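1. Below are the sequence and a predicted model for it; my questions follow.
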Amino acid sequence: MADSPRLSRLDLNLLVALDALLTEKSVTRAAERLGLSQPSLSASLARLRTHFDDPLLARRGNSYELTPLARRLGQHTATAIDATRRVFETQTEWTPESAEREFSVYGSDHTFATLGRLVSAYAAEEAPQVSFRFMLHNPTIVEDAHQRLRSADGMVLPHGYLTGLPHTDLDREGWVILASDDNPALDGGLTMDALAASDWVLTFQSRSAFTPPARQLQQLGIEPRVAAIVESFLAMPYFIAGTGRLGLLQSSLAPIAAGVDGIRVVEPPFEATPILNALWWDPVHETDPEHRWMRSLFARAASVLQSERRLLSASG
């Protein structure tokens with residue numbers, strides 16, 4: 001420990017320079033990105049090389065490549081910069097009206113089309129200088145959620161994928177089945193036999209990572225025959241219209257899907273297990289008043305969506 005450099009001796013500007021160099025893999029481009037002169041950034045690179053006792057950038061022909069150490073560092077610099085920014089942006093008295101901050105949240109296109117649009121609208125009313133960055137997740141990001149959430153503010157995901165993280169429950173919703181309106185399987189009502197005989201469109205990249213109702217089909221003895229996998233709930237209807245395929249979609253998106261030419265929305269011929277969506281975050285945000293405010297927006301949006309669904313169900 002005696003040989004470890006004291007934090008007080010480190011220049012935090014080197015962290016910004018390191019992030020730019022690892023991202024651009026070029027002193028020239030990194031300098032342009034930071035608005036610095038090339039000699040100035042070259043000096044920073046020299047200090048970083050001395051500190052890490054590693055070249056960081058190694059010439060390969062006419063270009064540079066990151067060394068193995070530099071690639072490892074790249075996994076931490078963005079998190080470190082974001083954490084540093086949040087430290088120095090923390091205010092003694094925080095109010096939404098005067099706040100300037102960008103919240104980053106992972107989710108699906110389904111999340112953004114429902115919860116996200118309401119959250120963004122509420123934020124615009126209460127905190128005009130606050131913005132949101134809604135980022136699409138995928139199975140790889142979900143598997144690495146604990147690490148990803150160190151540099152993001154949250155991830156909207158149903159229960160059953162994450163454990164050991166703080167969360168707030170949002171909305172519960174069911175499922176509908178999408179089919180082409182000329183699909184003969186709809187004649188007389190969709191049956192379990194028709195489900196077993198049909199091709200399916202699913203929304204995960206892994207053929208073993210199915211939506212909860214698709215897992216339930218397996219438990220009912222039906223192995224879904226996958227014709228296409230598309231990482232977008234909103235795009236699913238376009239892969240079904242004019243074909244004999246079927247797809248499972250959250251009921252909140254049924255009105256959007258029904259608006260696609262050639263698509264019919266029907267109830268499943270089995271009791272599809274509803275899902276409970278939740279907003280998950282890193283424990284470091286637990287007592288942050290800004291983060292608490294953000295969480296309240298999601299809870300408010302979820303409550304509104306639940307009320308809308310109950311009204312729609314009652315009128316139907």
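-> Looks like it came in fine.
2. quick one: the residue most central in space within the chain and L202, what's the gap?
-> Nearest to the geometric centre of the chain sits Y106, at 2.2 Å (CA atoms, centre = their mean). Per CB to CB, to the nearest Å, Y106 is found 20 Å from L202. (Each C-beta comes from the backbone N, C-alpha and C, glycine too.)
3. What of L305?
-> Counting by CB to CB - L305 and L202 are separated by 24 Å.
4. do the same with E267
-> 19 Å.
5. Please apply the same query to A301.
-> Note on A301: its distance to L202, by CB to CB, is 27 Å.
6. can I assume the residue nearest to the centre of the chain sits in a strand?
-> Yes - counting by DSSP: H, G, I helix; E, B strand; the rest coil, Y106 falls inside a strand.
7. mind listing the helices for the stretch 1-150 of the chain?
-> For the stretch 1-150 of the chain, the helices defined by DSSP state H, counting those that start in this stretch cover 13-24, 27-34, 38-52, 68-89, 109-111, 117-126, 139-143, 145-148.
8. now those as TSV including mean pLDDT?
-> Formatted as TSV, these follow (pLDDT from 0 to 100):
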stretch	mean pLDDT
helix 13-24	86
helix 27-34	87
helix 38-52	89
helix 68-89	75
helix 109-111	90
helix 117-126	95
helix 139-143	84
helix 145-148	85
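9. Packed most tightly, which of the ones you listed would that be?
-> With neighbours defined as mean count of other CB atoms under 10 Å, the helices of the stretch 1-150 of the chain peak in mean count at helix 109-111, which reaches a mean of 22.
10. contacting residues around M192?
-> 220, 222, 269-270 (CB atoms under 8 Å, 6 or more residues apart in numbering).
11. Skip the chain neighbours and tell me the closest residue to T79.
-> When the adjacent residues along the chain are set aside, T79 lies closest to S151, with 4.3 Å between them (CB to CB, 6 or more residues apart in numbering).
12. Can you give me the distance of the one you found to D82?
-> Using CB to CB, S151 is found at 5 Å from D82.
13. Now do the domain split for the protein, please.
-> What automatic domain parsing lists as the domains of the chain is 7-89, 96-172+276-315, 175-273.
14. Check the ones you listed for me: which has the lowest mean pLDDT.
-> If those are sorted by mean pLDDT, domain 7-89 sits at the bottom with a mean of 82.
15. Would you indicate which residues of stretch 228-236 are buried?
-> Of all the residues in stretch 228-236, those buried under the rule 16 or more other CB atoms under 10 Å are 230, 233-234, 236.
16. coming back round to it: over to the residue nearest to T79: give its phi and psi.
-> With angles defined as degrees, to the nearest 10, S151 sits at phi -120, psi 10.
17. show me the contacts for it.
-> 78-79, 82-83, 104.
18. now do K25
-> Residues near K25 by CB under 8 Å, 6+ apart: 57, 63-66.
19. And for the residue found closest to L195 once you drop the neighbours it is linked to in the chain, the neighbour number?
-> Computed as CB to CB, 6+ apart, the closest residue to L195 that is not its neighbour in sequence is I222, at 5.6 Å. When neighbours are counted by other CB atoms under 10 Å, I222 registers 18.
20. secondary structure element for I222?
-> Following DSSP states H and E, there is no helix or strand that holds I222.
21. follow-up on the earlier one: out of the contacts of K25, which is most surrounded?
-> Busiest of these [other CB under 10 Å] is L57, holding 22 neighbours.
22. bridging residues for that residue?
-> Legend: beta-bridge partners of L57 under DSSP bridges are L66.
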